[in-house]
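Asker: Pasting the sequence and the predicted coordinates here, then a few questions.
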Amino acid sequence: MPAKRSYDIRSLAREFAMPGDYVSHAPCGNGHINDTYEIRFNQAGTHVRYILQRINHDIFTRPAEVMPNIQRVTSHIAARLEELGEPEACRKVLTLVPCRDGRLWHEDRNGNHWRAYFYIEGAEAHNHVNSTALAEEAARAFGSFQKHVADMGGERLADTIPDFHNTRSRFNAFARAVEENRAGRRDAVAAEVAWVLQRESIADVLIDLMKSGALPERIAHNDTKINNVMMDHQTGEGLCVMDLDTVMPGLVLYDFGDLVRTTTISTAEDERDASRVTMRLPMFDALVRGYLSSARDFLTKEEVAQLAFSGKLITYELATRFLADHLNGDVYFKTQRANHNLDRFRVQAALIEDIDRQFAQMVEVVARHSA
Ligand code: GN1
Ligand code: MG
C-alpha cells in the first residue's frame, strides 16, 4: 500500500475562486481512486462548502483531457436543466469552481492536478442501499444524466481511460497478471483464477454486439457505483451524478450494469464472507423501473434486451479487475487491509453466481417494465 500523502489543502484551496475566509477541511468520500476533501469558507458570515479533489494521475494520465470533458458535460446539462425550468437546477449537476486565473484545474509543484466543485448541500451518497425507493431514484438519476447528454453536439469526448470497459482487454490484462505473477500470489488463488478463465466468453458479448452495429456508442458515465450519485437527505430524490472523470463515449449498458452490480448486492463490495452475497431481485426491479422512467425514450430495443446481462458483464469485469490487482500486488485500487482486492473479487464472483441462478426472473422483470 503506498504511504498516505498529506497535502496543504488550505493553500491549495486558495488557488481556486473561493471567496471568503478559509475555515476548515476534512477528507470525504469513499472513492477507490482520487483523493477528496471538503473545504469550508466563511463568506460574510455564512459557511459555504466546496469539494477539492486530487485527480489520481497514475490512473487518469491525461488530466488535460479529463477536465474539458467534465466542463462540456456539466455546462451542457446545466443549460438543459435551465431550459426545462428544473427547480433547484444547481443541486442537480456538478458545477466546477475555476482557479483564480480562470483555469479549470490547478497543477501543484509536485505535479498533482486539483479541481474543485460546489458542494451539494442537503444530500448524501450512499455506499449501500436497502430501499427500493432509493434504488429506483438512483437509476432514474443516471438515466436522466444519459438522456441529457445524449444529444450533446461538438467533437467526440476524449477517452479519458482508453478501453475502460473493453472487457476483452480487461480479460487480457487479467491473463497477463496471472502470467506475470508479480506479487507471487498466483498459487494461493488458483481456484479463483480458474473461475475467471472458465467464464471468459462473458467478455465478448457486448463488444461483439457493438462491433456489429447492434449497440450504439453514446456518451456514458462509465462509473455508476451507487455511491456516485447524491441523494436528497429529506426526500431521497436522486439529485446529482458525480465522479465524472470517466464520462466518455461508451455503452449505456455499462452504466446500468454497474448500478446492478452495486445496488442489487446484499452486502458491501468488500464483504469478508462471500457466502452472504445475494442478488436482490426487488432491487433489480426498482433499478429497471427507475432507469426506464428516464431513459426509455432514447434506448433501442437491443439495449433494453441486454439490461439484465449488463449486470453480469460489469460484475465479471470488476471480478477480473480486482483479482488482477490482487495478483499485481494491489497497485490500482486503494486497499485498507490484506487481501482486500481478493475479498472484493470473491464478492463479485458470488454475485455472478446468484445472478446466474436468477437470470430468468431478471429477464422477466425487464420484459414486464418495458412492455
Ligand atoms: C473505482 O473511484 P471509484 O471508487 O468511484 C473505479 C471503478 C470501479 C470501482 C470499484 C477510474 O471507482 O471503475 O468500478 O472503483 N474507477 C476507476 O469499486 O477505475
Ligand atoms: Mg466514486
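Answerer: The structure has been received and is ready for your questions. Ligands and ions are numbered 1, 2, ... in the order given.
Asker: which residues touch the host helix or strand of Tyr22?
Answerer: Assessed by DSSP states H and E, Tyr22 sits inside strand 21-27. With contacts defined as CB atoms under 8 Å, 6 or more residues apart in numbering, strand 21-27 is touched by 9-10, 13-14, 35-42, 47, 52. For every residue, glycine as well, the C-beta is placed using N, CA and C.
Asker: same thing but at 10 Å, please
Answerer: For strand 21-27, the external contacting residues (CB atoms under 10 Å, 6 or more residues apart in numbering) are 7, 9-14, 35-44, 47-50, 52.
Asker: again with stretch 361-369
Answerer: For stretch 361-369, using CB under 10 Å, 6+ apart, the contacting residues are 260, 264, 279, 281-282, 284-293, 296, 304-309, 311-312, 355, 358.
Asker: quick one on the thing from earlier: report the buried residues of the strand holding Tyr22.
Answerer: Across strand 21-27, burial judged by 16 or more other CB atoms under 10 Å covers His25.
Asker: Mind checking what helix or strand follows that strand in sequence?
Answerer: strand 35-43.
Asker: by contact count, what packs against that following strand?
Answerer: helix 9-14, strand 21-27, strand 46-55, strand 113-118 (3 or more CB pairs under 10 Å, 6 or more residues apart in numbering; DSSP states H and E).
Asker: The helix or strand just after the longest one close to ligand 1?
Answerer: Tracing the chain C-terminally past strand 46-55 and defining elements by DSSP H and E, one meets helix 63-83 next. No. Judged by CB under 6 Å from any ligand atom, helix 63-83 stays clear of ligand 1, getting no closer than 10.3 Å.
Asker: I'd like the next helix or strand past helix 63-83.
Answerer: strand 96-97.
Asker: Tell me which strands that following strand pairs with, and in which orientation.
Answerer: strand 113-118 (antiparallel) (DSSP bridges).
Asker: got the angle for the partner strand vs strand 46-55?
Answerer: Strand 113-118 runs at 150 degrees relative to strand 46-55, counting by axes from the mean of the first three to the mean of the last three CA atoms, to 10 degrees.
Asker: Residues in contact with the next helix or strand after strand 113-118: which ones?
Answerer: Following strand 113-118 in sequence order, the next helix or strand is strand 123-124 (DSSP H and E). Applying CB under 10 Å, 6+ apart, the contact partners of strand 123-124 are 91, 227, 229-240.
Asker: what sits against Asp208?
Answerer: So, once contact is read as CB under 10 Å, 6+ apart, Asp208 ends up touching Arg168, Ala214, Leu215.
Asker: quick one on the thing from earlier: partner strands of the strand holding Tyr22, parallel or antiparallel?
Answerer: As assigned by DSSP bridges, strand 21-27 forms pairs with strand 35-43 (antiparallel).
Asker: Can you mark which positions in the partner strand are buried?
Answerer: For strand 35-43, the neighbour count (16+ other CB under 10 Å) marks Asp35, Thr36, Tyr37, Glu38, Ile39, Arg40, Phe41 as buried.
Asker: Excluding covalently adjacent residues, which one is nearest to Arg80?
Answerer: His148 (4.9 Å; CB to CB, 6 or more residues apart in numbering).
Asker: er, Arg5 I mean
Answerer: Using CB to CB, 6+ apart, the closest residue to Arg5 is Asp35 (7.7 Å).
Asker: Backbone dihedrals for Leu239, both of them.
Answerer: phi -90, psi -60 (degrees, to the nearest 10).
Asker: So what's the residue count around the nearest residue to it once chain neighbours are set aside?
Answerer: Leaving aside its sequence neighbours, Leu239 sits nearest to Met230 (CB to CB, 6+ apart; 4.9 Å). For Met230, the count of nearby residues is 25 (other CB atoms under 10 Å).
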